[in-house]
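> Sequence below, structure please.
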Amino acid sequence: MFASLSRAARRRVLAVSAALLALCGVLVWWLVPFGSPAPSGSVTFSTGVPTGVYQKYGALLKNALAQDLPKVSITLKDSEGSQQNLARVATGEADFTVATADAVAQYQRERRAGFERLRGCARLYDDYVQLVVPSGSPVRKVQDLRGLRVGVGQAGSGVRLIADRVLAAAGLTPDLDVRSVAAGIDTMPGLLERDELDAFFWSGGLPTEAVQALSGHFRIRLIPLDEKLVDRLHDVGDSTRYYRSAVIPADAYGKAQEGRPIETLAVANLLVTTVDADDDLVEGFTRTVIRSRDGIGRQVHPAQLVDLRTAVYTEPLKLHDGARRYYQSVKP
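Below you'll find the predicted structure:
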């Protein structure tokens, strides 16, 4: 019958048929959902101490996630820092966190609870070790801390891990050769200002708001940590290979540096979850971390350094499948 139609009639039939097929396609697309449903539920994000970079970054990331994942409820939970953060995620007390690569390696090396479940989502920005003293202090190098009151971070922090290692690399035994004070960045600047500390260690992005605020009304100096010290740290073992020599730029803290760059060491921060986390949720988290970089970076400067080209490198953690899916989707 079709063959008996004129050429013009056949074209009209074919055109109508094509239109009907297109309409059917639209109806199927509308009636039958494709792809995975949007992630939903409640998750806990373990951050850090008040006034620290982790805490502020977590708060701003929560706002960005509320836009991108509206069906996911995010609860922020303050912590002492990297070591406590890892323990919370590994044992199910939290779902996501930020922790330094050296703390992750140490957690794995000690085979602590749930270590094998940990996975990486993104490499974020670097933390810089900052050893802060009053400007009039006689301290010029780490060895000069002998016998002094030194803030070393809270027990569950990454600061404590690094401070103890830096002291040891300088030939000082923590808690014996120095008077270690367990305190966080929320209290150490005030203790230094009130002459209740002689120095304090901090490891965080640049600039850290609490250190910047202190330098605005109290004269401080930063003590250099030279390359030889970093080399001695590397000799300790595998978990210290994530430290690298770095420089605090001359303008990071203005008056505190008198226009001079300061040698130090740096270590990468990682966005961490577990192997059990939903792939769609992790993909969404990772996407928001990358997309929100500029917006968050205007308020938390270290976040400006989050880079899609390096975010995929989450050593010593394996990359979560959901995060891998995101990176593959944006691969040029």
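> State the mean pLDDT of the top strand by length along the chain.
Counting residues, the longest strand found in the chain (DSSP state E) is strand 118-134. Here strand 118-134 scores 97 as its mean pLDDT.
> centre of the chain versus that strand, how much separation?
Chain-centre distance of strand 118-134: 7 Å, with CA atoms, centre = their mean, to the nearest Å.
> again with stretch 96-107
On CA atoms, centre = their mean, the centre of stretch 96-107 falls 9 Å from the chain's centre.
> can you tell me the distance between the two ends of that stretch?
The first and final residues of stretch 96-107 sit 16 Å from each other (CA to CA, to the nearest Å).
> helix or strand right after the longest strand of the chain?
For strand 118-134, the succeeding helix or strand toward the C-terminus, using DSSP states H and E, is strand 149-151.
> I'd like the mean pLDDT over that following strand, please.
Here the average pLDDT along strand 149-151 is 98.
> what separates that strand from the chain centre, distance-wise?
26 Å.
> for stretch 63-71, same thing?
Centre-to-centre, stretch 63-71 and its host chain are 19 Å apart (CA atoms, centre = their mean).
> Same check on stretch 49-58?
Distance, centroid of stretch 49-58 to centroid of chain: 10 Å (CA atoms, centre = their mean).
> Going by neighbour count, which residues in it are buried?
Val49, Thr51, Gly52, Val53, Tyr54, Gln55, Lys56, Tyr57, Gly58 (16 or more other CB atoms under 10 Å). Glycine gets a C-beta too; all of them are placed from N, C-alpha and C.
> Extract the C-alpha trace of the longest strand of the chain and format it as CSV.
Provided in CSV are the C-alpha atoms of strand 118-134 (Å, rounded to 0.1, in the frame of the first residue of the first chain):
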residue,chain,number,x,y,z
LEU,A,118,38.6,5.2,54.5
ARG,A,119,38.4,6.7,51.0
GLY,A,120,39.4,10.0,49.4
CYS,A,121,37.1,12.4,47.5
ALA,A,122,39.5,15.2,46.7
ARG,A,123,42.8,16.7,47.4
LEU,A,124,42.0,20.2,48.7
TYR,A,125,44.5,22.9,49.7
ASP,A,126,47.8,22.7,51.6
ASP,A,127,48.3,23.4,55.3
TYR,A,128,51.5,25.4,56.3
VAL,A,129,53.2,24.8,59.6
GLN,A,130,53.4,28.1,61.5
LEU,A,131,55.5,28.5,64.7
VAL,A,132,54.5,31.7,66.3
VAL,A,133,56.3,33.7,69.0
PRO,A,134,56.0,37.2,70.4
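> Please enumerate residues in contact with stretch 53-73?
Stretch 53-73 is contacted from outside by 38-43, 45, 47-49, 74, 76, 78-79, 81, 85, 98, 127, 204-205, 208-209, 281, 284-285, 287-289, 291-292, 295-296, 299-300, 302-303, using CB atoms under 8 Å, 6 or more residues apart in numbering.
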